[in-house]
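> Quick one: sequence plus predicted model below, questions after.
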Amino acid sequence: MMSENVMRATGSILFLIACLTVWGAPVAVCADSSATPEYRLKAAFLYNFILFLDGARFDPPDDNAKNDDSSPPILIGILGTDPFADAFEPLKDKEVRNRPVAIRRFKGLDEFADAEGRLPARHPQSEQIGDCHVVFICRSEKEHLTAILGPLRRQSLLTVADTPGFLEAGGIVDFLIEDKKVCFEINTAAAQRAGLQIRSQLLRLAKRIVQTDAFEGPNDEENGNDT
Amino acid sequence: MTQTPYGGGTWMSVVLLTVMAVATSPACSEQEDLFAMSLEDLMAVEIDTVVSASKYEQKVSDAPSSVTIITADEIRKYGYRTLAEVLRSAPGFYVNNDRNYEYVGVRGFRRPGDYDTRILLLVDGHRTNENIGNSPLFGAQFVLDVDLIDRVEIIRGPGSSLYGSNALLAVINVITKGGKTLNGLELSGEVAGFDTWKSRISYGNRFDNGLDLLVSATRGDSEGQELYFKEFDDPATANGLVRNDDASLHNLFVRASWGDFGLIAAHAAAEKGIPTAPWDAVFGDGRTRTYDDTTLIGLTYEREISETLALQARTAYGHYDYDGRYVYDYSEDETPYIVVNKDRWRGRWWDSELQVTARPFEKHILTAGGEFHCNTRQDQTNWDEEVYFDDSRHSQNWGLYVQDEYRVLDNVTLVAGARYDRYDTFGGSTNPRMAVLYDLCDRTTLKLLYGRAFRAPNAYELYYHDGGYSQKAPLSLDPETIDTYEIVLERAFTENLSASLSGFYYVMDDLIGQNVDPDDDLLVFTNLEEVKTRGMELTLNGRWETGLRVRTSYSYVDAENSVTDRTLANSPSHLAKLNLIAPVLKDTLFAGLEVQYNAKSRTLADNDADDFILTNLALTYRSPSKRLEIAAGLYNLFDVKYGYPAFGEHTQDTIEQDGRMFRIKLTYRF
C-alpha cells in the first residue's frame, strides 16, 4: 500500500522524468552516432603516429606517382568491435605524407568461431590486415592477441591497442589514460622485430619504453626500462 | 500541506520551461580539428569521462563483490552535501537522521540506535571508524569535505577476509582528490535554507619536481529551523516547538604525494545542537549538543619492486574526541534543578599495514599482508555533579591475511582468501572468502560469492556502565559474525548500458544488543540475537558520452530476527532509486535528478514509519573555461513530509525530516 504522500509525489516525478528525458534525448541521439571524446582523441593519435614511422612501406611512392590522385593510400585498420564510430570522418580529405588515408575495418576473431565455438589459431584475414600501415586492435580482442599478432609479427606495420598487457603480448604501442589524459607506451623490441623504425620524437613522448618482445625472447641490448 | 496531486509537477514545468527558453537547441557542435594538432597538444587534452579502466584499477566486473562507484562528477551534479547523501543513492543503502548524526543502513539492516559499527569506512585505505564505539561518521562530522572526494567505492558484502573487524555489511573506501585536479586556487561558497552557509578555500598543484599537493579548509554554519514535536506539545515544553537545530563545522585537509609516498592529514570539528531531547534531556534547552573532533594522519608507500611484485605499506594515526552535553532536570519537586551532564570519549590509535601483491606463477595474483592496530587511548567518562563512569583502556590487535586470485580458465577466475585476527579482548577470529567469477559469454559475468566477517566487541559495549543505576558492564562478549551467500549476474548490453541482478542470503549471529539481566534488572550488552536476511537487488546503469547518465536500482529484503521471528525495526523491505544526469546545454549545463522510494518500516513502538518518495533536483552550470561553476539544488523538491524511525533514547517514535530546501553554490577556480 502506498501512502498518500507517495501517491502525490509519483505523478509529479513521472512528469519531471518525462521532461528531462524528452529534453535529454535529442542531445543523446546526437551522441549515439558519434564517437566518444576519448576515441576521437585516440583517432588523432593514430593519424599522428604515421608521421613518425620509417620502414619499407612508409617510403614515399615513386616520383611519378607523387601527388598523383592514384597514389596508394595509407591504410589504418580497425580490428574488432569498433569504438571509433565516426571519429575518422575528418580524415576523408586529409593527406599524410602526401598520401590519402583510408580506413579498413576487420571483424574480431570471435566472428570466425566454428559451429562448436572453436576459434581459429590465426586471424583468417591476416593477409589483408598485413597490408595496413597501422592496425588498431580493439579491446574486444584482448583474449585473442596471440592469434592476431602472431601472423603479423614480420609485417612492418604499427600495431596499436588500449588493452593492458598489449606490449607484453607483442604489440608495439599501447594507449593509457593518466589523469584523464591519453598517453602511450612503446615496445621498441617489437617494433625492431617488425622492421619498423620509430622516430625519436615519438619515443620521447612515450610514458614507458618496453624492450622485451614476446616473439623474440628477451633482447640482449636491454638496459632497464627508463628512457 | 495542501497541495494538489500535480501541484509540484506544474511548478517544476515552469522551471524547466524557463531553462528551455534560455537554452539554445542542443545541436551537436562542430568538432574541433584534433587531426591538425600535434602529439604534444593531444597529450594535453583532458577527456571528461574516461570509459577505459585505468591501468592499475580493477574493473568493476572483475571484483569479487558487488561494487558501486560514485565519482566526484556525480557528487557535483547531484549536489550531494554529505557522504551519507552519496551513499543513499547506492543500491540497497538507506539513511537515518536523528537530527544529530546521519546513519547508514545496508540491505535491510540498521537497528535503531546502532552506531553503524558494521560498516567499515576507509579514507585512502586508512580505517576511520573510531576506537571506542567503532562508529564511522557519515554526516557533517565526516573527516572530509565531500568536495574533496575523487570517488567513493562502495563494496557490498563482507570484507573481513582483507580488512578485519567491522567489515560485515560493506566496506566504503573514499578516495581523495589529488592537487593536480585543482591545478590552482579554488574558492567555493554556498548558501542554503535555514540560514546555512559554507565556504571552502583550496589550493592544489603538481609541481615540476613531482610533488602533488592539495591544501583545503572548509567552514560551515547553519542556524537550523524551528521544529515541532507533537510528543512535547504541552505548554510546559513550549507547545512542542524547539530551535536548537544549529550546526557548525570546520575541516582542514592536506594531501601530498611525491614519488612512491603519499600523505594525508584530515581534520574535522563539528558541533550540533540536538533538538529532539534524547535520553530524557530537558526539551528545548540549547545546551544539549554534541561535539565531534576527528583527526586522521596517514602515510602510504607504494612500490613496484618488479613486474611481478608490488609492495604497499601504510601507517596512520587517528584521533577522536567526542563530547556530549545533555541538560537534565534533577528536581524532585516543582522547582527546577538543572544540571548539564557530560559524556566524553577520547580515542587515539595507530594502525599500520604491509601488503604484498605478487604474481609468482602465471594466472595467479597473490595478495598477502599484515596489520597491527594499537589503541593507545580508549577513555570514556560520564559525569555531572558526580562521576558515574570513568574508564581508561588501551588495547591492541593484529591480523594476517592472504588471498589468491587464480585464473583457472580463460573465463573462470577463482578468488579465495582468509584473514586471522587476534584481539586482546576476546581472542582470535578467522574469516574466509571464496568467489567464483565466470564470464558466461561476451559481456556477461556470473559471480558466486561466499564470505564470513566479524566485528569485535567495542570498548563502549565491553565497559560502559552508569554505576549500577540502570546499566552494567558485561563479564565478556564474543565477536559478532556474519555468513553471506550471494549470486550476482552482470551484463553489459551495449557500451553504454549495463545491468546487474543479485540475490543474497545473510546470517548474522551473536549480534550484540542491550538486554535486561533478569537477576538484577540491569541493562547489559549480550551476544543474544541472530538475524537472517534474504534479498535481491536489480540495477540498471546507462552512461552516454553527451553526459546523459542513469543509475536505477530496486532492492527487496526480508530481514528477520530469528529469536523473535519478527522483521527488524527500521528495515524498509523495498527501496527503489533513480539517478539521472541530463545534459541541458552541451558540456556546460547539467540537470541531476534523484528520486528515491523507501517502503514503510517498523518503528520501535511497533508503528510504521510511512513510505515516502524523496526527490532532489540540481542544476549545475560550468563555464566553458571550467573556471566558474554555479550549482543550484532543491532538496525534497515536492516538500514531502516523511520521518525515520527514532531510536531507543527518543521519546518520539519517528523523527521528521526536512521539507523542501534550496542550496546555491558558487565555485571559482583561479
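Structure's in. What do you need?

> what about the closest residue to residue A:180 other than its chain neighbours, neighbour count?
Leaving out its chain neighbours, the residue that sits closest to residue A:180 by CB to CB, 6 or more residues apart in numbering or on different chains is residue B:46, at 4.7 Å. Yep, even glycine has a C-beta here, placed from its N, CA and C like the rest. Residue B:46: 13 surrounding residues under other CB atoms under 10 Å in any protein chain shown.

> Residue B:248 too?
For residue B:248, the count of nearby residues is 18 (other CB under 10 Å).

> I'd assumed it was in a strand, is it?
Yes - checked against DSSP: H, G, I helix; E, B strand; the rest coil, residue B:248 lies within a strand.

> ok, now which ones touch it?
Neighbouring residues of residue B:248 by CB atoms under 8 Å, 6 or more residues apart in numbering or on different chains: B:220, B:221, B:222, B:270, B:271.

> which of those residues has the most neighbours?
Neighbour tally across the contacts of residue B:248 (other CB under 10 Å): the maximum, 22 neighbours, falls on residue B:270.

> For that residue, give the beta-bridge partners.
Residue B:270 forms beta bridges with residue B:249, residue B:292, as assigned by DSSP bridges.

> is it true that it touches residue B:247?
Yes - under the criterion of CB atoms under 8 Å, residue B:270 makes contact with residue B:247 at 7.2 Å.

> okay, and the common contacts of the two?
When contacts are counted by CB under 8 Å, 6+ apart, residue B:270 and residue B:247 are jointly contacted by residue B:140.

> From chain A, how far off is residue B:204?
Residue B:204 is 12 Å from chain A, where distance means CB to the nearest CB, to the nearest Å.

> so that residue makes contact with residue B:184?
Yes - using CB under 8 Å, residue B:204 makes contact with residue B:184 at a distance of 7.2 Å.

> The two: which has the busier surroundings?
residue B:204 (22 against 12).

> For the residue lying closest to that one once chain neighbours are set aside, grab the count of nearby residues.
Spatial nearest neighbour of residue B:204, chain neighbours left out: residue B:182 (3.0 Å); criterion: CB to CB, 6+ apart. Using other CB under 10 Å, residue B:182 has 20 neighbouring residues.

> Also the one 5 residues further on?
Neighbour count for residue B:187, taken as other CB under 10 Å: 14.

> Ramachandran coordinates for the residue in the stretch 501-650 of chain B that chain A sits nearest to?
Going by CB to the nearest CB, chain A is nearest to residue B:582 of the stretch 501-650 of chain B, at 3.5 Å. With angles defined as degrees, to the nearest 10, residue B:582 sits at phi -120, psi 130.

> so it touches residue B:591, yeah?
Yes - with contact defined as CB under 8 Å, residue B:582 reaches residue B:591; the gap is 4.9 Å.

> Quick check, pLDDT for residue B:411.
For residue B:411, the model assigns a pLDDT of 85.

> so it makes contact with residue B:438?
Yes - Residue B:411 is within contact range of residue B:438, at 6.5 Å (criterion: CB under 8 Å).

> show me where pLDDT drops low in the stretch 451-600 of chain B?
By pLDDT under 70, the stretch 451-600 of chain B contains no weakly predicted segment.

> Chain A contacts on that one?
Residues of the stretch 451-600 of chain B lying close to chain A by CB under 8 Å from any CB of the partner chain are B:495, B:544-548, B:578, B:580, B:582-584, B:586, B:591, B:593, B:595, B:597, B:600.

> quick one: which of those residues sit in strands?
Judged by DSSP state E, those include B:578, B:580, B:582, B:583, B:584, B:591, B:593, B:595, B:597 as members of strands.

> Same list (the residues you listed) but as a markdown table, adding neighbour count.
Putting those into a markdown table (neighbours: other CB atoms under 10 Å in any protein chain shown) gives the following:
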| residue | neighbour count |
| --- | --- |
| B:578 | 19 |
| B:580 | 23 |
| B:582 | 25 |
| B:583 | 24 |
| B:584 | 22 |
| B:591 | 23 |
| B:593 | 25 |
| B:595 | 22 |
| B:597 | 20 |
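
> and of the residues you listed, the nearest to residue A:136?
When those are ranked by distance to residue A:136 (CB to CB), residue B:583 comes first, at 28.5 Å.

> Need the contact partners of stretch B:533-541.
In contact with stretch B:533-541 (CB under 8 Å, 6+ apart) are residues B:66, B:91-92, B:107-109, B:497-508, B:550-560.

> Just the buried residues of it, please?
B:533, B:534, B:535, B:537, B:538, B:539, B:540, B:541 (16 or more other CB atoms under 10 Å in any protein chain shown).

> and what of stretch B:327-345?
Going by 16+ other CB under 10 Å, stretch B:327-345 has these buried residues: B:327, B:328, B:341, B:343, B:344, B:345.

> next one: stretch B:218-237
For stretch B:218-237, by 16+ other CB under 10 Å, it's B:218, B:220, B:221, B:222, B:223, B:224, B:225, B:227, B:229, B:232, B:237.

> Report how far apart the opening and closing residues of that stretch are.
Stretch B:218-237 has an end-to-end distance of 36 Å (CA to CA, to the nearest Å).

> How about residues contacting that stretch?
Stretch B:218-237 is contacted from outside by B:99, B:140, B:145, B:147, B:192-200, B:238-252, B:273, B:275-277, B:283-284, B:651-653, B:656, B:658, using CB under 8 Å, 6+ apart.

> which residue packs closest to residue B:648, ignoring adjacent ones?
residue B:113 (4.8 Å).

> looking at this, that neighbour is in a helix?
No - counting by three-state DSSP, residue B:113 is not found in a helix; it is coil.

> if I pick it, what's in contact with it?
Contacts for residue B:113 (CB under 8 Å, 6+ apart) come out as B:647, B:648, B:649.

> which SS class is the second one?
Going back to what we said before, that points to residue B:648. Looking at residue B:648 with three-state DSSP, the answer is coil.

> what about residue 209, neighbour count?
This is for chain A. Residue A:209 has 18 nearby residues by other CB under 10 Å.

> ah, no, chain B please
7.

> Likewise for residue B:512?
Residue B:512 has 21 nearby residues by other CB under 10 Å.

> Helices along the chain, start to end?
Assuming you mean chain A. A:4-32, A:37-49, A:126-130, A:145-152, A:188-194, A:200-205 (DSSP state H).

> Sorry, I should have been clearer: chain B.
Under DSSP H, chain B gives helices at B:7-22, B:39-42, B:72-77, B:83-88, B:160-163, B:179-182, B:459-463.

> Can you tell me which of those has the worst average pLDDT?
Lowest mean pLDDT within the helices of chain B: helix B:7-22, a mean of 42.

> and the closest residue to chain A within the stretch 151-300 of chain B, what is it in contact with?
Relative to chain A, the nearest point of the stretch 151-300 of chain B is residue B:180 (5.9 Å; CB to the nearest CB). By CB under 8 Å, 6+ apart, the contact set of residue B:180 is A:179, B:204, B:205, B:206, B:212.
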